[in-house]
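Enquirer: predicted structure and sequence below. I'll ask about it afterward.
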Amino acid sequence: MRVALPDSASRSAARRSLRASLNARRRQVPPQQRLRAAQLVARNVDRALGLQSHWRIAAYAALPWELDSAPLIALAASRGCRVFLPCIDRRRASRTMRFVPMQGPLQNNRLGIAEPQGTAVLAARWLDVVFLPLVGFDRSGVRLGSGGGFYDRAFAFRQLRSVWQAPRLIGLAYAFQEVASIGAAAHDVLMDAVVTEEGFVRCTTG
């Protein structure tokens, strides 16, 4: 007799399958198309948000198959924004994520992700806008990440608030990464919006 999987197990299996499918599609994006999409995303962010010089912005150093964040980072820096990149602290049992100013040379961590080497750290709650990488998303704000849970842990404090939801969490993605529904897990921290090469998607929770 077949036994139905618990909801959590079913959700995990579905997410693994969706993650594999979307990752395969991301890896098929030609370099020229990837560059053009990244440029359009930067433009769409600026049109929707109007980058301000006093903002503290967190972005990410993109892996080769992710939507490139470099055009957006360059634009933010040109507008006088303070740009931070995440650094993974694997020495702690909680596997925390810190945000360090993007200054000086970057060095790849064990995952091959470029990180700044400075010692100054800004607490996540003091960021104004965070641009997140993602594998998939839906319009309710659910983000399908790579499975490490670093961003959910870093911004879990947002779930304790009912009014003030800073920093704004905005995903960067190709339009094809949108799916009808992912289904939120208890630990998921929802996004406020997602920006693709096609435009600005305001999430129903944002």
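Expert: All right, it came through fine.
Enquirer: tell me the spacing between residue 147 and residue 82.
Expert: 30 Å (CB to CB, to the nearest Å). The way it works is simple: take the backbone N, C-alpha and C, and place the C-beta from them, glycine included.
Enquirer: no wait, residue 28
Expert: Distance from residue 28 to residue 82, by CB to CB: 35 Å.
Enquirer: what about those two, which has more around it?
Expert: residue 82 (18 against 8; other CB atoms under 10 Å).
Enquirer: and the more buried one, what pLDDT?
Expert: According to the prediction, residue 82 has pLDDT 97.
Enquirer: what are the neighbouring residues in contact with the nearest residue to it once chain neighbours are set aside?
Expert: Sequence neighbours aside, residue 56 is the residue nearest to residue 82 in space, at 4.8 Å (criterion: CB to CB, 6 or more residues apart in numbering). If a contact means CB atoms under 8 Å, 6 or more residues apart in numbering, then residue 56 has 81-82, 84, 122, 126-129 as its contacts.
Enquirer: in the protein, which spans are strands?
Expert: For the chain, the strands defined by DSSP state E occupy 56-58, 82-89, 96-101, 106-108, 114-116, 129-132, 136-137, 143-144, 168-172, 193-196, 199-202.
Enquirer: could you dump those into TSV and include distance to residue 41?
Expert: Shown next, in TSV, are the strands of the chain (distance: least, CB to CB, whole Å):
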stretch	distance to residue 41
strand 56-58	14
strand 82-89	16
strand 96-101	21
strand 106-108	21
strand 114-116	19
strand 129-132	9
strand 136-137	13
strand 143-144	16
strand 168-172	6
strand 193-196	5
strand 199-202	10
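Enquirer: mind checking which of those strands is nearest residue 36?
Expert: strand 193-196 (12.3 Å; CB to CB).
Enquirer: tell me which other helices or strands that closest one touches.
Expert: Where contact means 3 or more CB pairs under 8 Å, 6 or more residues apart in numbering; DSSP states H and E, strand 193-196 is packed against helix 31-49, strand 168-172, strand 199-202.
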